[in-house]
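J.: return a 3D structure for these sequence lines:
(2 chains)
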2 protein chains.
Amino acid sequence: MAERNIKLVLAYDGTDFFGWQLQRTGRTVQGVMQEGLSRMHGHPVRIVAAGRTDAGVHATGQVANFLSSLDSIASARFREAVNSYLPRDVRVLSSEEVSARFHARKSARLRVYRYYIARGPVLLPHLRNYRLWVRRDLDVTRLNGMAAALVGEHDFTCFSAEGDANFSKVRRLDVSAFHVEGDTLVYTVAASSFLWKMVRTIIGTLLMLEEQGLGARELRVIMEAGQRSNAGGTASPSGLFLERVVYDAGCEESLEDPEPAG
Amino acid sequence: MAERNIKLVLAYDGTDFFGWQLQRTGRTVQGVMQEGLSRMHGHPVRIVAAGRTDAGVHATGQVANFLSSLDSIASARFREAVNSYLPRDVRVLSSEEVSARFHARKSARLRVYRYYIARGPVLLPHLRNYRLWVRRDLDVTRLNGMAAALVGEHDFTCFSAEGDANFSKVRRLDVSAFHVEGDTLVYTVAASSFLWKMVRTIIGTLLMLEEQGLGARELRVIMEAGQRSNAGGTASPSGLFLERVVYDAGCEESLEDPEPAG
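T.: Have a look, this model is predicted:
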């Protein structure tokens, strides 16, 4: 019997997880997903996600897929069914059946992250796990000047973490911009893929330069030198959310048999 | 030596507290405040708050006061000093020295609460302790019709909890209205004082009537009958925040020697 390929959109509170990826010890999102799916199916089930988020990083639109042997559940019904096997800090937002060629990680065209920064003298306690707290006033125009300098294709070696296994450190940012939402400053960044800890290092570096009264020119110097040690610290995972993953409308087909452009 | 009367504005995440008020067992906000203040002062310190919030209820603008024997700390500096003795889920937002006659509970003129309701098929996990989740669509106009019917002076016996020690169940609501903030429905209610669990019972009742397609007329029937059993359930504390406490500008004076009105 052919197995069904089920795509899930997931949200989770990363606070009590050691990230997405299964580890020998420590609670992970992949771990609790696989545990729930395996109990639901009565046999081991493996799941793949678009973004392997780190410990403490949250998601409001992670995408994952798994193969299901269950043929009695309507595809949209997997949402509720799977949720009944999950702890409260992970939720399936939607479910659908997709082509066998769909792969949540390999088929992803764009990953959209948001980083939330709370400004002011005190961080409200109920937001403490979901915001980076910056006491000082922030110069949003200066930050946006630097954010704009990151758009496009660049060698991001200076923002890559030690232990990053990627051969090429060249990435292409399609969106990189700050906007203000009430008391919160929100950084949105989108790319087909990122280096390990890249978004948090970008935030750490932009805040460092902003505090020093520097801007896009000094940022470019750091990027050209390509030394991680010149960049800023890795900002807290608390502020980071994987917001959305974008796939081509017909991504399943286009993976193997691209149509000639009209 | 005269003790200084210090007023604090407090925020807390109520999730891991058995409410404000000190109990024999169980972690309370008053308990951790008094523990921190006592360690800071080197002797027992008692603190009084404007609102004795229940287990799970949050605050972004609770007000409290205590008497301090420390004369070397500038009054605005108590904020940082006290924070260094507190756990991360309680924060002092501001501190100031006030007249000896100021009493956080007795001098309060208006308590403002907000109740946050998330609508939609799934509650985002990082909001699970800070919202009431309602799956169905809500008729905001209908809810606001009922909310408006609560404004003014009424006998709120039908919304009072068993065990409420208040002699009179008459209260006067100055504000009672819903507004929409993105995906969230927010109920704001303000009064000089409330009955025990009154706000959560109002929410439970309004949602019950809304679901039944009923409105302000049926709400008035329930209020006139004065039976708790006719009202709806007590809504989850997760959605409830004590947002603000308002004092008269010169409340310290006005407590004992009211000036004749100009």
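J.: so the nearest residue to residue A:191 once chain neighbours are set aside, which of the three states?
T.: Among residues not flanking residue A:191 along the chain, residue A:173 sits closest, at 4.9 Å (Cβ to Cβ, 6 or more residues apart in numbering or on different chains). For the C-beta atoms, the positions are set from N, CA and C on the backbone; glycine is no exception. Put simply, residue A:173 is strand when judged by DSSP: H, G, I helix; E, B strand; the rest coil.
J.: residue A:203 now?
T.: helix.
J.: shouldn't it be in contact with residue A:132?
T.: Yes - counting by Cβ atoms under 8 Å, residue A:203 touches residue A:132, with 7.1 Å between them.
J.: overlap in contacts, these two.
T.: Residues touching both residue A:203 and residue A:132 by Cβ atoms under 8 Å, 6 or more residues apart in numbering or on different chains: A:115, A:117, A:235, A:239.
J.: please identify the helix or strand for the second one.
T.: In this structure, residue A:117 sits in strand A:110-119 according to DSSP states H and E.
J.: quick check: neighbours of that strand in the sheet, parallel or antiparallel?
T.: Under the criterion DSSP bridges, strand A:110-119 sits next to strand A:132-134 (parallel), strand A:184-191 (antiparallel), strand A:240-246 (antiparallel) in its sheet.
J.: the shared contacts of residue A:203 and residue A:132: which two are farthest apart?
T.: Largest separation among the shared contacts of residue A:203 and residue A:132 by Cβ to Cβ: A:117 and A:235, giving 8.6 Å.
J.: find residues that contact each of the two.
T.: With Cβ under 8 Å, 6+ apart, residue A:117 and residue A:235 have common neighbours A:132, A:203.
J.: neighbour count: the two, which is higher?
T.: residue A:235 (24 against 21; other Cβ atoms under 10 Å in any protein chain shown).
J.: tell me the spacing between that one and chain B.
T.: Separation of residue A:235 from chain B (Cβ to the nearest Cβ, to the nearest Å) stands at 18 Å.
J.: could you find the closest non-adjacent residue to that residue?
T.: Nearest to residue A:235 is residue A:203, by Cβ to Cβ, 6+ apart, at 4.0 Å.
J.: count of neighbours near that neighbour?
T.: Neighbours around residue A:203, by other Cβ under 10 Å: 25.
J.: OK, contacts around it?
T.: Residue A:203 neighbours (Cβ under 8 Å, 6+ apart): A:115, A:117, A:132, A:187, A:235, A:239.
J.: and the nearest residue in space to the first one that is not next to it in sequence, how far from chain B?
T.: Put plainly, it is residue A:115. For residue A:115, ignoring the flanking residues on the chain, the nearest one in space by Cβ to Cβ, 6+ apart is residue A:187 at 4.2 Å. Counting by Cβ to the nearest Cβ, the gap from residue A:187 to chain B is 17 Å.
J.: which ones are touching the residue nearest to residue A:29 when sequence neighbours are not counted?
T.: Among residues not flanking residue A:29 along the chain, residue A:20 sits closest, at 4.8 Å (Cβ to Cβ, 6+ apart). Counting by Cβ under 8 Å, 6+ apart, residue A:20 touches A:28, A:29, A:30, A:49, A:51, A:52, A:53, A:62.
J.: let's see it at 7 Å
T.: A:28, A:29, A:30, A:49, A:52, A:53 (Cβ atoms under 7 Å, 6 or more residues apart in numbering or on different chains).
J.: same thing with residue A:166?
T.: residue A:195.
J.: ok, 8 Å please
T.: A:160, A:195, A:196.
J.: export those to JSON lines and append columns for pLDDT, distance to chain B and secondary structure.
T.: Shown next, in JSON lines, are these (pLDDT from 0 to 100; distance: Cβ to the nearest Cβ, whole Å; DSSP: H, G, I helix; E, B strand; the rest coil):
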{"residue": "A:160", "pLDDT": "91", "distance to chain B": "28", "secondary structure": "coil"}
{"residue": "A:195", "pLDDT": "94", "distance to chain B": "25", "secondary structure": "coil"}
{"residue": "A:196", "pLDDT": "92", "distance to chain B": "23", "secondary structure": "coil"}
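J.: give me the buried subset of those residues.
T.: A:160, A:195, A:196 (16 or more other Cβ atoms under 10 Å in any protein chain shown).
J.: grab the nearest non-local neighbour of the first one.
T.: So the one you mean is residue A:160. residue A:195 (4.3 Å).
J.: ok, that neighbour touching residue A:167?
T.: No - at 11.1 Å, residue A:195 and residue A:167 do not qualify as touching, with contact defined as Cβ under 8 Å.
J.: ranges for the helices of the stretch 51-200 of chain A?
T.: For the stretch 51-200 of chain A, the helices defined by DSSP state H, counting those that start in this stretch occupy A:78-83, A:140-149, A:198-211.
J.: so which of these is the most surrounded?
T.: Mean neighbours per residue, mean count of other Cβ atoms under 10 Å in any protein chain shown, is largest over the helices of the stretch 51-200 of chain A for helix A:198-211, with a mean of 22.
J.: angle of that helix against strand A:184-191?
T.: 130 degrees (axes from the mean of the first three to the mean of the last three Cα atoms, to 10 degrees).
J.: low-confidence bits of the stretch 1-150 of chain A, can you list those?
T.: A:1 (pLDDT under 70).
J.: where do the strands sit along it?
T.: Assigned by DSSP state E, counting those that start in this stretch, the stretch 1-150 of chain A shows strands spanning A:4-12, A:48-49, A:58-68, A:90-98, A:110-119, A:132-134.
J.: could you dump the strands paired with strand A:110-119 to a markdown table with mean neighbour count?
T.: Below are the strands paired with strand A:110-119 laid out as a markdown table (neighbours: other Cβ atoms under 10 Å in any protein chain shown):
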| stretch | mean neighbour count |
| --- | --- |
| strand A:132-134 | 19 |
| strand A:184-191 | 20 |
| strand A:240-246 | 22 |
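J.: residue A:14 is nearest to which of these?
T.: Of all the strands paired with strand A:110-119, strand A:240-246 comes closest under Cβ to Cβ, at 8.2 Å.
J.: from the chain's centre, how far out does that closest one sit?
T.: Relative to the centre of its chain, strand A:240-246 is centred 5 Å away, using Cα atoms, centre = their mean, to the nearest Å.
J.: now do it and strand A:4-12, the angle between them.
T.: 150 degrees.
J.: pLDDT of strand A:240-246, averaged?
T.: Averaged across strand A:240-246, the pLDDT comes to 97.
J.: thinking again about what came up before, what angle sits between the strand holding residue A:117 and helix A:140-149?
T.: Using the same axes, to 10 degrees: strand A:110-119 against helix A:140-149 is 160 degrees.
J.: shaky segments in the stretch 151-262 of chain A?
T.: For the stretch 151-262 of chain A (pLDDT under 70), the answer is A:250-262.
J.: what parts of it come near chain B?
T.: By Cβ under 8 Å from any Cβ of the partner chain, no residue of the stretch 151-262 of chain A approaches chain B.
J.: ok so, going back, for the residue nearest to residue A:160, give me phi and psi.
T.: Taking degrees, to the nearest 10, you get phi -80, psi 170 for the backbone angles of residue A:195.
J.: list the contacts of it.
T.: A:156, A:159, A:160, A:161, A:164, A:166, A:169, A:171.
J.: buried subset of these, written for PyMOL?
T.: Listed next is the PyMOL selection for buried residues among those, using 16+ other Cβ under 10 Å:
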select buried, chain A and resi 156+159+160+164+169+171
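J.: check the contacts of residue A:195 and tell me the two furthest apart.
T.: A:161 and A:171 (13.7 Å).
J.: and for the two, which residues touch both?
T.: With Cβ under 8 Å, 6+ apart as the test, residue A:161 and residue A:171 both reach A:195, A:198.
J.: contacting residues for the residue nearest to residue A:76 when sequence neighbours are not counted?
T.: The shortest distance from residue A:76 to any non-neighbouring residue, by Cβ to Cβ, 6+ apart, is to residue A:95 (6.0 Å). Applying Cβ under 8 Å, 6+ apart, we find residue A:95 in contact with A:6, A:7, A:8, A:9, A:75, A:76, A:77, A:78, A:79, A:82.
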